[in-house]
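S.K.: Fold the following and give me the result.
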Amino acid sequence: MYSTTAFQFQPISKQNTVSIYEDDEGAERKPLNSSQGLQATHHATAMGTRYKAPFSAVTSSLRPSDPRILSKGNEVDEFGFVTLPKETSYHANNRQAHQVLVDNPAAHLHWTAHLEFTQNKSVDELTWDKISPLIPKSDKVHCLIRQGIPHIMRCKLWPRISGSMSKSIKSNLTYKDILHNCWDEDTVTTRMIERDLVRTSTNNVFFQTINASGVNRLRNVLRAISWLFPDIGYCQGMGMVVSTLLLLLEESEVFWLLSCIIEDLLPSHYYNTNLFGIQVDQAVLVELVEQFIPDLHAHFEAHNVEINLITLNWFLTIYSAVLAPRITLRVWDCFLYEGSILLFRIALGILSINKDLVLSQDSSEGIFTELSNAPTHIEDVEQLISHSYEITDTLNDNILQEMRTEAAAKLSSAVNALGTPYNPRPSEQARRLGEAKASWFSQWFGYGGSVSDKAKNIAQTEMLEDLRKNIAAIVKHFGGDTRLDVSPDYSLESHQRDIENFKEFSRNRPLRARALMDFQRHDEDELGFCKNDIITVLNQKDEHCWFGEVGGVRGFFPAKFVLLLDERSKLYAIEGDDRVSNEITKLVRGNLCKSLRRIFEHGLRRPSVLGTALHPWHFIEDSIDHEIKEQFTQILGRLVLCKTFRLDEEQKVLQPNEMLFRAMHLINASHDPLNISADVKLRSLICAGLNEQCLHMWFATFCQCTDVTERWYAPWSFIRSPAWFQIKCELRLLSKYAFNLSLDYEVSNSSHTEPVKQDVQDMLIKHHLFSWMS
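M.R.: Below is the predicted model:
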C-alpha cells in the first residue's frame, strides 16, 4: 500500500539540504520517496525538481563537501561541467549547459505508484531492497521509460532495467576481485588507458586533472573491463560512456552496467579492435536513412557524402559525446531498457529534425558541417524522443536483426576479399594469417592499410576524436582565455576569412624581446633582467648594445642576451615557447604531431614490391612542388627579396604557400646533412605551421592538390574525403595562439640551448658590460 502524501513535493531550504541518491550502507532499505543519498542543493517546486546548484545532479560520493574547492572559481553546472558562454564553449556538453535539469513530478508519481503495485507484497512501506534486481519488461514500463525516469531514481532503476544488477548478483567474481587481478598489469592497453584519463572529459571538473576525484574511478573501471574482456581491451569510446555513468553511479555499479552494455545491449564486436559490430550498424543506418528519410539519402548520394564519418562517434559513445548531459540521460533511459535499436531511432530522429538544414547545403563540405552540428541543435528532448519513435514506428528488433545479418555478410565479404570466411572470434594465428594476406594483396595492387580499412575505415573516427582532444589540451595549456572563441567554426565563410585573418597585424606595436639569461645591473645606465623577462626594445642603432625597458626601468643591455619576438600578428605567450615550457613540447611534438601523422597515414597507398617505403613527408614534398611549380620563379624571387631586405620583420608579406615552400626547404637544409628521419621532418613542419599561425591553411593546401592526392591516397582516406574540411576547422583553433617552437629541437647535433655564444657570455661575465667601448 502507498500513501498519496509520499508524492508531495515540498520546497527544500538551504539550511536543510538533503540527498536524493541512496549510496550509503542502508540505501537499499530506504523508502522510494526518501530523499537521502545524493546531496541535493536542488529546488523542488510544483513544476518539478530543478537542479540549479553546482554538482546537485551527481552522486554525493564524488562531490566535495565544499563545491568551491572543486570549481576553483569557475561556473559549474549541476553535472560538474564548466559552463562557458555558449559562443566560447569547445565541447558539445557545454553548448546547452544553460538549460537546467528538471524532474517531472508526475513521472515520479507514476513510477512510485507502478513499483508499489507490482513490487510491494506486504503492507509495509516499500523500500528499494524489496524491489526485484530485474524489472520485467512490459508495455507499462515501456511507457514510463519513454516519459523519462526521474533523476532521483536513475541510480536505482538503471541497474534494474538493464539487467546489470542481476548480472552482478549471479557472477562468481566480485568487482573487487576483478580489480585486484588487473591492478598490477602493465600492458599496452593499460598505458593507453592511462594516457587518455584526463583527455576523456576535459571540461568536467571531476576528470580534468590526474588527481581529480573521478579519474581514479575511471581508471579502475576501464582496467577492470579490459581484464574481463581481453578481446576488446580498451576503446576510446568507452571512456566517455564510463565518465558519464560515474557522475550518477558508484564505481562497481558502473562496471557491471558497462559489462551489461557490452554483452547484452550492444551486438558483439562493438568495441573490438576492428569495430566490426559498429561497422555493420553504420551500414544498416545508411539503409534505414534510405528507407525512412529518402530525400536526405538522395542528397547524400548526390554529393558523395558518407554519414558514417559523423554518426559512428554517435554510436561509439552512445551519444554522450555529442548531446547535452540532460538529453543524454533521457536517451540512456530508453537505451538501457530497449537496447541498441534505440541508437538507430535517435540517429534517425536527429537527422530528420535537421533535414531542412542539411538539404539547404549544396556542397559536400556544407553537408558535412551541418551533420557535425546536428546534435547541438537538439534542445527539446521531448521532441527528440517523440519524433524518433514516430518516424521509426515500423522498425523492430526482428527487422533490425535481419538487416544486420545481411550487412554483416556483405561487410564480411569485403573484409575477406581473398576468400577467408568471416570468423566472429578469430584465433591469434588466424588473425596474423589474415594480416599477412592483406599485406601481400596491398603490395601487388597498391592499396594502403589492411583490407578491413577498405571496408569503411572506422578507425578514422577515433583519429578525429584524438585530434580534438589534443587540440583541447593545447587550448587548456594556454589558459583557455574566455575572450577567445575556442569553438571550431565550420561555416564556409570562415575559409574565405582565413587569408584576411592571417594578414592581420599591428604596425604600431613596439618591438619586444625575451631575455635568454640573467643579467645583473652594475651601472645606473644599464638594464638588469632575469631569464625569460620580456623587454621592450626602444633603440637598436648599436649592433651590440640595445636600449630597452623592463618594469618601468630603462637602460642599455647586450643585444646577444635577448631574442627578438615575432609579434607581427599575435602577442608573445610564454606558454607557447618550447625554450621556456617543456609542456608545450609534449603537447605538440608528443601528442598533436602523432595525431596528425595518423591522419596523414590513413589511406596512404603502399608501394609496389620493388618500391621504397612511403611516408607522409614525401607526399607533402610532392604537394608543395606541385603547388608552386607554375610560379616557382616568382615565389623564389619574393623569398630572396624578403630575406635580403628583411621585409617580413614588421609585417607578413609572404603568402601561406610561400611560407610553406620556405619552411620545407629550411627543414630539409638543416635535417638532411644529419640524416634526420622523415618523422622528425614532419614534426618540424607542423611546428613551423604553428609558429606562422597557418597550419590549417597548409593542411588545406595538401588536401586540395587533387592530382597529387589521387596518386598517393586511396579514395576512402581522410585526405581525399570531405573529413579534411572538418580537420582544417579544428586546426584553425590553434592559429589563435602564439607559438615559438624551435624547428631544430630534435636535430641530433643541437643541444637545444639558448643561442648565446659562449665566448660572448664568458667575456661579459668576466668584464664590465661596456668595457670594450672605453
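S.K.: tell me the secondary structure for the residue lying closest to Gln236 once chain neighbours are set aside?
M.R.: In this structure, Gln236 finds its nearest non-sequential neighbour in Glu462, 5.4 Å apart by CB to CB, 6 or more residues apart in numbering. Bear in mind the C-beta positions are built from the backbone N, C-alpha and C, glycine included. With DSSP: H, G, I helix; E, B strand; the rest coil as the basis, the three-state label of Glu462 is helix.
S.K.: let's have the chain start at 50 instead
M.R.: Noted, 50 is the first residue going forward, which turns the last one into Glu511.
S.K.: show me what contacts Glu511?
M.R.: 284-286, 365 (CB atoms under 8 Å, 6 or more residues apart in numbering).
S.K.: again with Arg394
M.R.: Per CB under 8 Å, 6+ apart, neighbours of Arg394: 383, 437-438, 441, 444.
S.K.: In this protein, what residue spans correspond to strands?
M.R.: For the chain, the strands defined by DSSP state E cover 67-68, 88-89, 92-94, 97-100, 150-152, 561-564, 583-588, 594-599, 602-607, 611-613.
S.K.: Now stretch 218-231: average pLDDT?
M.R.: Average pLDDT, stretch 218-231: 88.
S.K.: Can I get the buried part of the contacts of Glu511 as one ChimeraX selection?
M.R.: Paste this into ChimeraX to select the buried members of the contacts of Glu511, with burial taken from 16 or more other CB atoms under 10 Å:
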select :284,285,286,365
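S.K.: Let me see the ranges of the helices in the stretch 700-823 of the chain.
M.R.: 705-720, 727-741, 744-753, 755-761, 772-781, 807-815 (DSSP state H, counting those that start in this stretch).
S.K.: Let me have those helices in JSON lines, extended by mean pLDDT.
M.R.: Shown next, in JSON lines, are the helices of the stretch 700-823 of the chain (pLDDT from 0 to 100):
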{"stretch": "helix 705-720", "mean pLDDT": "88"}
{"stretch": "helix 727-741", "mean pLDDT": "91"}
{"stretch": "helix 744-753", "mean pLDDT": "91"}
{"stretch": "helix 755-761", "mean pLDDT": "87"}
{"stretch": "helix 772-781", "mean pLDDT": "86"}
{"stretch": "helix 807-815", "mean pLDDT": "44"}
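S.K.: so which of the ones you listed comes closest to Ser215?
M.R.: Taking CB to CB, helix 772-781 is the member of those nearest to Ser215, at 41.8 Å.
S.K.: who does that closest one touch, helix- and strand-wise?
M.R.: In terms of contacts (3 or more CB pairs under 8 Å, 6 or more residues apart in numbering; DSSP states H and E), helix 772-781 is packed against helix 413-422, helix 508-526, helix 541-545, helix 744-753.
S.K.: For the first one, list the C-alpha coordinates in PDB.
M.R.: The C-alpha atoms that make up helix 413-422 are tabulated as PDB, following Å, rounded to 0.1, in the frame of the first residue of the first chain:
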ATOM      1  CA  SER A 413      29.800  18.100 -49.500                       C
ATOM      2  CA  GLU A 414      31.600  20.400 -47.200                       C
ATOM      3  CA  GLY A 415      28.400  22.200 -46.200                       C
ATOM      4  CA  ILE A 416      26.600  19.000 -45.700                       C
ATOM      5  CA  PHE A 417      29.400  17.600 -43.600                       C
ATOM      6  CA  THR A 418      29.300  20.800 -41.400                       C
ATOM      7  CA  GLU A 419      25.600  20.600 -40.800                       C
ATOM      8  CA  LEU A 420      25.900  16.900 -39.900                       C
ATOM      9  CA  SER A 421      28.600  17.700 -37.400                       C
ATOM     10  CA  ASN A 422      26.500  20.400 -35.800                       C
END
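S.K.: In that helix, which residues are buried?
M.R.: In helix 413-422, the ones that count as buried by 16+ other CB under 10 Å are 413-422.
S.K.: which residues make contact with it from outside it?
M.R.: Helix 413-422 has contacts (CB under 8 Å, 6+ apart) with 348-349, 352-354, 356, 358-360, 403, 406-407, 409-410, 539-541, 771-772, 774-775.
S.K.: Restricted to buried residues, select the residues you listed in ChimeraX.
M.R.: Selection of buried members from these for ChimeraX, criterion 16+ other CB under 10 Å:
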select :348,349,352,354,356,358,359,360,403,406,407,410,539,771,772,774,775
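S.K.: So which of the contacts of helix 413-422 are in helices?
M.R.: Counting by DSSP state H, these place 348-349, 358-360, 406-407, 541, 772, 774-775 in helices.
S.K.: Hmm, which of the residues you listed is lowest in pLDDT?
M.R.: Leu541 (68).
S.K.: Tell me the one of the buried residues of helix 413-422 nearest Thr236?
M.R.: Taking CB to CB as the measure, Thr236 lies nearest Ser421 of these, at 34.3 Å.
S.K.: pLDDT below threshold where in the stretch 400-549 of the chain?
M.R.: Low-confidence segments of the stretch 400-549 of the chain (pLDDT under 70): 461-509, 529-535, 541.
S.K.: and Pro182, what are its phi and psi?
M.R.: phi -60, psi -20 (degrees, to the nearest 10).
S.K.: Was I right to think it contacts Ser211?
M.R.: No. Under the criterion of CB atoms under 8 Å, Pro182 makes no contact with Ser211, lying 10.7 Å away.
S.K.: More neighbours: these two, which one.
M.R.: Using other CB atoms under 10 Å as the criterion, Pro182 and Ser211 rank with Ser211 on top: 23 against 14.
S.K.: Just the pLDDT for that one.
M.R.: pLDDT recorded at Ser211 is 94.
S.K.: ok, and the closest non-adjacent residue to it?
M.R.: Nearest-residue entry for Ser211: Leu385, 4.1 Å, with adjacent residues in sequence omitted and distances by CB to CB, 6+ apart.
S.K.: pretty sure the one you found contacts Trp207?
M.R.: Yes. Under the criterion of CB under 8 Å, Leu385 makes contact with Trp207 at 5.5 Å.
S.K.: any residues in contact with both of those two?
M.R.: Leu306.
S.K.: about what we covered before: wait, which of the buried residues of helix 413-422 is closest to Lys518?
M.R.: Ser421 (16.1 Å).
S.K.: now the helices: where do they sit in the stretch 100-249 of the chain?
M.R.: With DSSP H, counting those that start in this stretch as the criterion, the stretch 100-249 of the chain has helices spanning 116-120, 141-144, 154-168, 188-196, 200-211, 213-219, 224-231, 237-245.
S.K.: rank the ones you listed by pLDDT, which is bottom?
M.R.: Across the helices of the stretch 100-249 of the chain, helix 141-144 gives the lowest mean pLDDT, at a mean of 44.
S.K.: Go ahead and confirm Val524 touches Arg781.
M.R.: No. Applying CB under 8 Å, one finds Val524 not in contact with Arg781, separated by 12.0 Å.
S.K.: May I see the helices of the stretch 700-823 of the chain arranged in JSON lines, with distance to Val430 as well?
M.R.: Conversion of those to JSON lines gives the following (distance: least, CB to CB, whole Å):
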{"stretch": "helix 705-720", "distance to Val430": "44"}
{"stretch": "helix 727-741", "distance to Val430": "40"}
{"stretch": "helix 744-753", "distance to Val430": "35"}
{"stretch": "helix 755-761", "distance to Val430": "42"}
{"stretch": "helix 772-781", "distance to Val430": "26"}
{"stretch": "helix 807-815", "distance to Val430": "66"}
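S.K.: Nearest approach to Ile218 belongs to which of these?
M.R.: Closest of the helices of the stretch 700-823 of the chain to Ile218 is helix 772-781, at 45.0 Å (criterion: CB to CB).
S.K.: Just the pLDDT for Ser555.
M.R.: We have a pLDDT of 44 for Ser555.
S.K.: Check Gly129 too.
M.R.: pLDDT, Gly129: 86.
S.K.: can you tell me which residues contact it?
M.R.: When contacts are counted by CB under 8 Å, 6+ apart, Gly129 touches 103-104, 107, 111-112, 119, 253-255, 296.
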